[in-house]
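1. just the structure for this:
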Amino acid sequence: MLIEKGKVSINNHRAQLGARVEKDDTVTVNGKPLDTATKPLIYLTLHKPAGYVCSRKRQGDAPTIYELLPEKYRELKAVGRLDKDSSGLILLSNDGDFAFRMTHPKFHKTKVYKIELDQDLEPLHQQMIGEFGITLDDGVSQLGLMRLSDENRQQWQVTMSEGRNRQIRRTFASLGYTVTDLHRTTFGSYSLDDIKKGEYTLVDMR
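-> Numbers count the residues shown, from 1 in each chain. All right, here's what the predicted structure looks like:
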């Protein structure tokens, strides 16, 4: 629209739709040069505590994850979210391609969670979730399940490659269970390791 209105120029000549721009060209919009300086790409892993939201604005009294970060990192975008009551690994970056590769279903990025239920998971329900999947409003949800302890059937490791809104909680709720604790430990090739709750670390992608 700006080009069609004649507001864009390349080397002081009015730009045409489809015009190609070289690295050393000067592009102006409304007479002002575009800032073509390349910003450094930043990748950050954060250990989100329960009670924090991933939005930029507080939701009621709930603080945001950005309050845990220095001002210089508050422009980063969360790559895959966790709901307020969940904790664990959150990735943040200003690299849109990275965010796309990590979150689009076609890339099948594995995510691992530790959960606790309000009651023992029945073997039949374990089989339904792990082998056949549970039909939710937005499609079938099939989760990989592994017991975390031989002593009880309330603590489980959940593995999945999808990322639908509150999918784990909704899957168990459909069978009458409440997830009382949900903690993400792994997202693709990234893990919490020894990052303490509420703290972060920069990731060197070189």
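2. so how far is stretch 6-21 from its chain's centroid?
-> With C-alpha atoms, centre = their mean, to the nearest Å as the basis, stretch 6-21 stands 37 Å off its chain's centre.
3. buried set for that stretch?
-> For stretch 6-21, burial by neighbour count (16 or more other C-beta atoms under 10 Å) applies to 8, 9, 10, 15. From N, CA and C alone the C-beta is placed, and that goes for glycine too.
4. please parse this protein into its domains.
-> Each domain of the chain is listed here as a residue range: 40-107+192-206, 110-187, per automatic domain parsing.
5. distance between the ends of the shortest one?
-> Taking C-alpha to C-alpha, to the nearest Å, domain 110-187 runs 6 Å from one end to the other.
6. repeat that for the longest one.
-> In terms of C-alpha to C-alpha, the two terminal residues of domain 40-107+192-206 are separated by 12 Å.
7. where in the protein is pLDDT low?
-> For the chain, the stretches with pLDDT under 70 are 36-37.
8. residue closest to the middle of this protein?
-> residue 80 (1.0 Å; C-alpha atoms, centre = their mean).
9. contacts only, for it.
-> By C-beta atoms under 8 Å, 6 or more residues apart in numbering, the residues touching residue 80 are 90, 91, 102, 103, 111, 163, 187.
10. if we use 6 Å, what do you get?
-> 103, 163 (C-beta atoms under 6 Å, 6 or more residues apart in numbering).
11. who's residue 88 bridged to?
-> Judged by DSSP bridges, the bridge partners of residue 88 are residue 48, residue 184.
12. what about it, distance to residue 48?
-> According to C-beta to C-beta, to the nearest Å, residue 88 and residue 48 sit 6 Å apart.
13. over to the nearest residue to residue 203 once chain neighbours are set aside: give its phi and psi.
-> Leaving aside its chain neighbours, residue 203 sits nearest to residue 43 (4.1 Å; criterion: C-beta to C-beta, 6 or more residues apart in numbering). Main-chain torsions, residue 43, degrees, to the nearest 10: phi -130, psi 130.
14. I'd say residue 43 and residue 94 touch.
-> No: using C-beta atoms under 6 Å, residue 43 makes no contact with residue 94, being 8.7 Å away.
15. packing partners for the helix or strand hosting residue 45?
-> Using DSSP states H and E, residue 45 sits in strand 43-48. On a contact count with 3 or more C-beta pairs under 6 Å, 6 or more residues apart in numbering; DSSP states H and E, strand 43-48 meets strand 87-93, strand 200-202.
16. would you map the helices across this protein?
-> Counting by DSSP state H, the chain has helices at residues 96-103, 123-127, 167-173.
17. so which of these is the most surrounded?
-> With neighbours defined as mean count of other C-beta atoms under 10 Å, the helices of the chain peak in mean count at helix 167-173, which reaches a mean of 19.
18. give me the residues contacting it.
-> By C-beta under 6 Å, 6+ apart, helix 167-173 touches 134, 136, 141, 158, 179.
19. how about stretch 140-159?
-> 112-117, 120-121, 126, 129-130, 133-134, 160, 167-168, 171.
20. if any of those residues are buried, put those into a PyMOL selection.
-> Buried subset of those, written as a PyMOL selection, criterion 16+ other C-beta under 10 Å:
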select buried, resi 112+113+114+115+117+121+126+129+134+160+167+168+171
